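Asker: Kindly return the folded structure for what I paste below:
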Amino acid sequence: MKLTELHLGMAVVHPHYGAGIVKAINEHAAEVLFTDGRKPVEPESSALTPAEAQAQVSGLHVPLAQFIELTVEALANRLGLDKPDTYARELAPKWRGGKCVLHPRDPALATKEIELEVFFHKIVMVRNNLRVLEQRINASETLTSAEKFDWQQYITKCYGSLTTFNLLFKEKEDQF
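Answerer: Numbers count the residues shown, from 1 in each chain. Predicted structure coming up:
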């Protein structure tokens, strides 16, 4: 691995010292923090390798996870979307492992069972998609204020209908 491919904070693997984090870089070597302490390492002669997948785009060399994270964040900012920091973290403990059972009126038809975790996930996805729709409506430059207001009313009614499922959420702040 070339010294120029390293950057501060990069996770690396050394054949003798194991996994480490790059803490400093000078013109000849890198200082890497391993479990048994900081050590100077010359990347090219020591067979140092990246500990995670790398992406290289037009001379940019960063860990793949960081590249994707930065790309998604830039795209969300460009589209005017909020970060998805408001999502349901957990199904309430009393419902874990439970099932939703639907019995048709006609006894000749089979009942349908759905695991509550799957049902809960689908409800949360509907809510998250409604939030994205709401953001896109608000950010739209082609809709008039009256049209935005009308669409907002539909979304508000959907949220109101979904309050039925608030009992499934572990945290009150995750509810509709």
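Asker: if I look at Val132, how far off is Pro50?
Answerer: Distance of Val132 to Pro50, computed by C-beta to C-beta, to the nearest Å: 34 Å. (C-beta placed from N, C-alpha, C; glycine too.)
Asker: Could you check which of these two is surrounded by more residues?
Answerer: Pro50 (16 against 13; other C-beta atoms under 10 Å).
Asker: ok, how many other residues are close to the nearest residue to that one once chain neighbours are set aside?
Answerer: Closest residue in space to Pro50, ignoring its immediate chain neighbours: Val12 at 6.1 Å, by C-beta to C-beta, 6 or more residues apart in numbering. Here the count is done by other C-beta under 10 Å, and Val12 has 24 residues near it.
Asker: what sits against Val12?
Answerer: Shown in contact with Val12 (C-beta atoms under 8 Å, 6 or more residues apart in numbering): Met1, Leu6, Ala19, Gly20, Ile21, Val22, Val32, Leu48, Thr49, Pro50, Ala51.
Asker: What pairs with the helix or strand of the chain with the lowest mean pLDDT, parallel or antiparallel?
Answerer: Lowest mean confidence among the helices and strands of the chain (mean pLDDT, DSSP states H and E): strand 54-57, at a mean of 72. In the sheet, strand 54-57 lines up against strand 60-63 (antiparallel) (DSSP bridges).
Asker: Tell me the buried residues in the partner strand?
Answerer: His61, Val62, Pro63 (16 or more other C-beta atoms under 10 Å).
Asker: got it, and stretch 95-109?
Answerer: Burial within stretch 95-109, assessed by neighbour count using 16+ other C-beta under 10 Å, is assigned to Trp95, Gly98.
Asker: repeat for stretch 42-55
Answerer: Pro43, Ser46, Leu48, Pro50, Ala51, Gln54.
Asker: Roughly how far does the first one sit from Arg127?
Answerer: By that I understand Pro43. Applying C-beta to C-beta to Pro43 and Arg127 gives a distance of 47 Å.
Asker: Just want the phi and psi numbers for the residue nearest to Pro50.
Answerer: phi -130, psi 170 (degrees, to the nearest 10).
Asker: i'd like the first residue to be 36 from this point on
Answerer: That works, and once the first residue is 36, the last one we named lands at Val47.
Asker: Determine the longest helix present in the chain.
Answerer: Across the chain, the longest stretch assigned as helix under DSSP state H is helix 151-174.
Asker: And the pLDDT at the residue nearest to Pro85?
Answerer: pLDDT for Val47: 93.
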